[in-house]
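1. need a structure here:
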Amino acid sequence: MEGTDDDVSFLPSVIYYYRLENMYHFYGDDTKCDELQTKLQDFKAIKEFCMKLTGILKRYDELNITPLINNDKCTMVKLWIYDHLYNEFSSSGSYKKIPEDIISKLLGSWKDLDKGSKCYFNPNLNVESDFNKMKLLYDYGLDYNIIKFKIEDSTFQCSKNFVEKFNKYKENYETLKRECVNTIPTAHCTLLQNIHKLPNMGNLSVVKLCKTKDTLSRTREDGDRHSADHGTLTFGQVGLGGTVHPLPGPDGESYSQETSSNHSSPIFITTIFPLLGSLLIIFFVYKFTPFRSWLTSRLMKNKMSKLNTNEDMQETLDYEFDHYQKNVQRDPHDISYHPLQ
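-> As a prediction, the model looks like this:
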C-alpha cells in the first residue's frame, strides 16, 4: 500500500486506507478465507487479504472512516479491494488477467464473505485505467479541503511526495472535466457530478502552489555559490542538514577531489624545488668555502659575549638583593613579602 510522508500522512484518504488495511484483520473469518485460498492457490497472499476483507465487512457499521458522499462506506471499501488487486496481486502471478480471475472468485464467494449484505460488490472497475481515474478522483474529493487549506497557509512547505500527489490529483481532475462533457455516463463521471454538488466543491481547481521544502536547500546552495564567487572555494553543493555533495564532472563522476589534487600539484612543485635548491647551495658554501670557519668563530664570540653579559647582570642583581636585605634588617617596622628561594 501507499507509503506516507510527513505532510502526506495527515490527508484523509491516507488515514482511512491505513485503517482499512490495519485495523480489522483480527475480525476476519478463517474458515471462509481458507476456502478462498484453496480456490486461488497461485496467490499466497489471498488469505491475508481475505482476513482483512472479511474483518472489514464484519465490522462494517463500526468502520472508522468518513466517506465522501452520503455515508457510503462501500465505495471506499471497493476502492480498497481493487487497489489490492491491481497493485499487489498483478505482479505476483504468471499471467495478465489476475485481477479478473480473483474478482470472479470473489463474486462467487461474496455472499459467504459478506453475510450481512453490507456492501454490494460489482465488477464495474475491472478495467485498471477506469479504476485509476475513479480512485484518484475519489481520493482528491476526500483530501481537497485539507490540501486547499495547507496550500493557502503561507508557512506551509510541501514535500516532494505532497507535490507529486497533488499534481496527480489535479491532472486527473482536469482530464475528467474534459472527458465528462456530453459523454455517456461512466462511474467516474457520475462521481465527478456528485462531488461538484457537495458544499464548496463546485470546482476543485487549485491555482496557488505551495512552497516546496527543496526551496530551502536551493537557497543555501545559491548562497554557497555566491560566497564562492567572493573568495570562498567550494567544490560541492550543500544539501539538507548541511551535507556537502561533490558536484558531478562532465563524465558524471565527482571531480572535487581530482580538481583539488590538480591544483595542489603545481603548488607543491613550485614550492619544493626552490627550497631544495637553496639548501643545496648553502651546503656547498658551508662545506667547501672559508664560510664555515668564519661562521664558527662568529658564533663563539656571540656566545662568550652573552655569558659575560649574564654574569654582569647576575652580579648586579645579587648586589641589589643584599642591599635590600640589609635595609630590611635595619627597619623592624617594615613588613614585606619574600618569595621562596
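
2. Going along the chain, name the helices of the stretch 101-250 of the chain.
-> Here the stretch 101-250 of the chain has its helices, by DSSP state H, counting those that start in this stretch, at 128-151, 160-179, 187-196, 214-229.

3. any idea which of these is most buried?
-> helix 128-151 (a mean of 19; mean count of other CB atoms under 10 Å). From N, CA and C alone the C-beta is placed, and that goes for glycine too.

4. Name the residues that touch that one?
-> Contacts to helix 128-151, defined as CB atoms under 8 Å, 6 or more residues apart in numbering, come from residues 7, 10-13, 16, 68-69, 75-76, 79, 82-83, 86, 99, 124-125, 156, 158, 166, 168-169, 172-173, 175-176, 186-188, 191-192, 195, 198, 200-201, 204, 206, 208-210.

5. Any of the residues you listed buried? List them.
-> Among the contacts of helix 128-151, the ones that count as buried by 16 or more other CB atoms under 10 Å are 7, 11-13, 16, 68, 75-76, 79, 82-83, 86, 99, 125, 158, 166, 169, 172-173, 176, 186-188, 191-192, 195, 201, 204, 206, 210.

6. Restricted to strands, list the contacts of helix 128-151.
-> Counted as lying in strands by DSSP state E, out of the contacts of helix 128-151, are Cys158.

7. picking up where we left off before, the helices of the stretch 101-250 of the chain into a markdown table, with extra columns for mean pLDDT and distance to Leu113?
-> Shown next, in a markdown table, are the helices of the stretch 101-250 of the chain (pLDDT from 0 to 100; distance: least, CB to CB, whole Å):
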| stretch | mean pLDDT | distance to Leu113 |
| --- | --- | --- |
| helix 128-151 | 92 | 20 |
| helix 160-179 | 92 | 31 |
| helix 187-196 | 92 | 22 |
| helix 214-229 | 49 | 46 |
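
8. so can I have TSV of those helices showing distance to Ser117?
-> Listed next are the helices of the stretch 101-250 of the chain as TSV, based on distance: least, CB to CB, whole Å:
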stretch	distance to Ser117
helix 128-151	23
helix 160-179	31
helix 187-196	21
helix 214-229	50
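
9. Nearest to Tyr27, out of those?
-> With distances scored as CB to CB, the stretch of those nearest to Tyr27 is helix 128-151 (24.2 Å).

10. hey, C-alpha coordinates of the closest one in CSV?
-> Taking C-alpha atoms only, helix 128-151 is exported to CSV below (Å, rounded to 0.1, in the frame of the first residue of the first chain):
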residue,chain,number,x,y,z
GLU,A,128,-7.5,-0.8,-14.5
SER,A,129,-7.5,2.6,-16.2
ASP,A,130,-11.1,3.2,-15.1
PHE,A,131,-10.2,2.2,-11.6
ASN,A,132,-7.2,4.7,-11.5
LYS,A,133,-9.4,7.5,-12.7
MET,A,134,-12.1,6.7,-10.1
LYS,A,135,-9.7,6.3,-7.2
LEU,A,136,-7.7,9.5,-7.9
LEU,A,137,-10.9,11.5,-8.2
TYR,A,138,-12.5,10.0,-5.0
ASP,A,139,-9.3,10.5,-3.0
TYR,A,140,-9.0,14.1,-4.3
GLY,A,141,-12.5,14.7,-3.1
LEU,A,142,-11.6,13.4,0.3
ASP,A,143,-8.4,15.4,0.5
TYR,A,144,-9.4,18.6,-1.3
ASN,A,145,-10.3,20.8,1.7
ILE,A,146,-7.1,19.8,3.6
ILE,A,147,-4.9,20.4,0.5
LYS,A,148,-6.5,23.8,-0.2
PHE,A,149,-6.1,24.8,3.5
LYS,A,150,-2.5,23.8,3.6
ILE,A,151,-1.6,25.4,0.3
